[in-house]
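>>> give me the fold of what follows.
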Amino acid sequence: MTVAVKDSEQLRAALLGLRGQLIATLIGEAEDFEAFAWLVSLLEEKVGRILINGYPTGVEVCDAMVHGGPYPATSDARGTSVGTLAIDRFLRPVCYQNYPQSLLPEALRDGNPLGLRRLVNGQ
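Model (predicted):
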């Protein structure tokens, strides 16, 4: 995706609106990277890889994307390294059974006190 902006303020607003991505590519000269150094901390919160003056492969972080491509190209996600299912490779699940809300980690409480974006019952 290419985004055209008028100034740094509009660029910051556009980047804050991004959802999680695999890669952000920055193309420029050394002085550009110094002038826009603030981009790095913002992008670190949005992407898994920041690439300077290069071109990544084009994949999207979405439920349908797995290593072999978007559904229905492949539907076996057990070994995927892309898409939302790739998160499973880094998880160590813990089940909290019959826990009262007050003892659950804040991120798991029904009221969502941290305001986290969550997938609940597929929504």
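
>>> so how far is stretch 33-41 from its chain's centroid?
19 Å (C-alpha atoms, centre = their mean, to the nearest Å).

>>> SS state for the nearest residue to residue 54 once chain neighbours are set aside?
Excluding its sequence neighbours, the residue lying closest to residue 54 (C-beta to C-beta, 6 or more residues apart in numbering) is residue 25, at 6.6 Å. No exception for glycine: its C-beta is placed from N, CA and C like everyone else's. Under DSSP: H, G, I helix; E, B strand; the rest coil, residue 25 falls in the strand class.

>>> any idea how far residue 47 is from residue 25?
Residue 25 is 10 Å from residue 47, where distance means C-beta to C-beta, to the nearest Å.

>>> so where's the chain uncertain?
1, 58-61, 65-83, 85-86, 89-90 (pLDDT under 70).

>>> re earlier: pick out whichever of residue 25 and residue 47 has more residues nearby.
Using other C-beta atoms under 10 Å as the criterion, residue 25 and residue 47 rank with residue 47 on top: 18 against 13.

>>> you'd agree the more buried one is up against residue 24?
Yes. If you go by C-beta atoms under 8 Å, residue 47 and residue 24 touch, sitting 4.4 Å apart.
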